[in-house]
Structures are given as C-alpha cells and as structure tokens.
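> take this sequence and fold it.
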Amino acid sequence: MGNTRYEIMQQRYEDEASWVLVDNRNNAAVELVPGVGSHVIRFEVEGHPLVLPPTNLDTLRNSSARYGVPILFPPNRIHGAQYTYKGRAYTFPAKAGTPHYMHGELSYKPWQVVESGADEGQGAYLITRFRYEDHLDICNHFPHHLVFEMTYRLYEGKLICSGSIHNEGNDEAPLALGFHPYFPVKPKLSTKVVIPAVTEWPISATGFVDGLPQATVACEKLRSGWSFEDVPSEGYMLLEMPRGQSNRCELQDTETGTKIIMESSEQFPFMVLFKPAWADAISLEPYTYITDGFNSSLDDEVTGVRGLQAGEWFSYEWSVWQTS
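Presented below is the predicted three-dimensional model:
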C-alpha cells in the first residue's frame, strides 16, 4: 500500500470512478463513488469490513439506500409525498409502489469532486459537492439553491465526515438531513447494540410517527447493550437522543472486546435503529428531525423541524471507527 502514512488513489468501481483513502499504519481503507451519491461503499480496518458494501454497481445505483453510507435529504418518508412549510406547498415524486416520498435523491445522484489530498496532518481526504441548481428534476419539486459539501477523511484509522449545507437562494428552505450507515454484524450471537436512547417515538404499521415519545423497555436495553439477535427486524425504531451534545453509539463484540463506534454531532438529536432483512447488519441512522416532521402538528422544537434561511450555513459531523 506504499511507504507513506496516508495515501489517496483513484481507480474504477466497474464503470464509475472511485476514490480510495488509505491509512497504512492502521491498515485501513475507505472507498467512495462520487458519481453515485458520493457514496462510501467500503470501509475496512485490518481486512474487516465496518460498512456493508454493495454487491455491484447496479445494486448501488438501483438500491442506493441499502448499502454503504447513503445520505438522506430528507431522511425516511413523507406522507402522501407532500407537505406545507411556511405557507409554501411541496409535492414530491412518490416511491414506486407507494404513495409516499422516500429518502430524497442525493444518495444516487452524481456529486462533483472538489479536492483531494493526503498528508500527515490531515490524513487522506476527499471533498465532494452537490448543487441543487445543477439538477432541474429536483428543483421542479424543491426549488431552492442549496449547496451540499462533504469532506470525507480517514485519519488515525477513523472515518470522519464533515459536511455543510449552504442556502445560496433568496428564500428559506426546509431542512431535514440524515445518514443511513449499514454496519455488518459478525458474529451475531455475541454482538450488542448500545445507544444512549432517552425515549422512543411510537411508529405506525405504515412507518409514520403515531404519538409522543416515551421511555420504553427497548430504550433501557439499548442503553445497557441489546443483543443483536433480539433486536426486531421488521420496521424501525425512532429514538430520541440526549440533546445539545454529540452522541456515541456502539456495536460491541462481547467475545473479542472489539467495538464499532459511531459518533454524531449535536445537530442529530434523533436516531433510527434499523435491522435489514437482506443482510446480517444493523443501521444506526442520525437524523435532524423525526420522520415526516413537516406534516407533524407538534412544535418544531419537539420534532426538529427547521428551515435554512437565505445565505445561512448548516454544518455537522459524524465519524466511525473500530477499537479492540
């Protein structure tokens, strides 16, 4: 892998360009595909995957929210594919087979590579950018000039994503952001999921919030470590996290003492716990708001609903690493 501590290499993932960030000292590598959602498709340490990779490029393109670390704008679903915010009505394209909008388009649209590099002080890094005004199909239902920029960095064996959203338009834009990382779980029997959940929001059979958050047995289990085998695999859990601080979640292998750790900044006061049916994996999803928050009758302070004013910036960070 070379003699220098950090490296960045450009290669091919089938017919798309990919970028590989390398930390030789920790035998760690991160691979990203900017052309498909600026997607982290691989993160390995000592040959062990920390992120669930897609099987091929077609799978990534057609099921971008099922592998790697997809970016969600907005996260989860919007009931009836429409809402009204500050007196302005928005109508979105419904997901095939449902009447609802799901996860947005940023996880599969192409992003622009802005800068890349590698040195001892910064690690290996890649900066990508997405401008809404370059995608008229999105602007037709979300007519705001937002600019997304993400810096993915591999430093000291840790994957760090530092991002910003800038409203370059003249009016306020609804803001709802989330990430959907998939972590492979092996061995299943000895893995515990640890999340500092304060309360749990009730979810209906159709996947929407159905009441006020409550302290539940599931929250107690997650705070002390819930066995992966016992986590339900149907639907998802929407959890309230401690507010005003960064939050740390862990996947603990009780046999080896190895942990996969995810830390998200205070801009994400909600966490979705999702156990997919298509892989031995778990998804810990930091959200800025509750599912379908713009259609909620609750106060914005409760739901996390907010806007981004003209000229305003919104910044955030999350990171993933492994300890042993």
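> what segments of the stretch 101-250 of the chain are helices?
Under the criterion DSSP state H, counting those that start in this stretch, helices of the stretch 101-250 of the chain are mapped to 136-139, 217-224.
> out of the ones you listed, which one sits most buried?
The highest mean neighbour count among the helices of the stretch 101-250 of the chain, using mean count of other CB atoms under 10 Å, belongs to helix 217-224: a mean of 15. Yep, even glycine has a C-beta here, placed from its N, CA and C like the rest.
> for that helix, what is the distance to the chain centroid?
Distance of helix 217-224 from the chain centroid (CA atoms, centre = their mean, to the nearest Å) equals 22 Å.
> rounded mean pLDDT for that helix, please.
Helix 217-224 shows a mean pLDDT of 98 in the predicted model.
> do stretch 252-266 as well
Average pLDDT, stretch 252-266: 96.
> same question, stretch 53-73
pLDDT averaged over stretch 53-73 gives 97.
> show me what counts as buried in that stretch.
Buried positions in stretch 53-73, judged by neighbour count with 16 or more other CB atoms under 10 Å: 53-54, 57, 60-61, 64-73.
> separation between the closest residue to Glu105 other than its chain neighbours and Gly87?
Counting by CB to CB, 6 or more residues apart in numbering, Ile138 is the residue found nearest to Glu105 once chain neighbours are left out, at 5.7 Å. Relative to Gly87, Ile138 is positioned 21 Å away (CB to CB, to the nearest Å).
> go on, Pro99?
Distance of Pro99 to Gly87, given as CB to CB: 24 Å.
> what's the answer for Val320, then?
39 Å.
> the two: who's more crowded?
Val320 (24 against 5; other CB atoms under 10 Å).
> just checking, the more buried one touches Ile260?
Yes - between Val320 and Ile260 a contact is recorded at 6.9 Å, counting by CB atoms under 8 Å.
> list residues touching both of these two?
Common neighbours of Val320 and Ile260 (criterion: CB atoms under 8 Å, 6 or more residues apart in numbering): Leu50.
> check what pLDDT the residue nearest to Glu105 gets.
Ile138 is given a pLDDT of 96.
> ok, now Glu234?
On the pLDDT scale, Glu234 gets 82.
> before we move on, what about the one 10 residues further on?
pLDDT, the model's per-residue confidence, is 97 for Gly244.
> list the contacts for the residue nearest to it when sequence neighbours are not counted?
Nearest residue to Gly244 in three dimensions, chain neighbours excluded: Glu266, at 5.8 Å (CB to CB, 6+ apart). By CB under 8 Å, 6+ apart, the residues touching Glu266 are Arg243, Gly244, Gln245, Ser246, Asn247.
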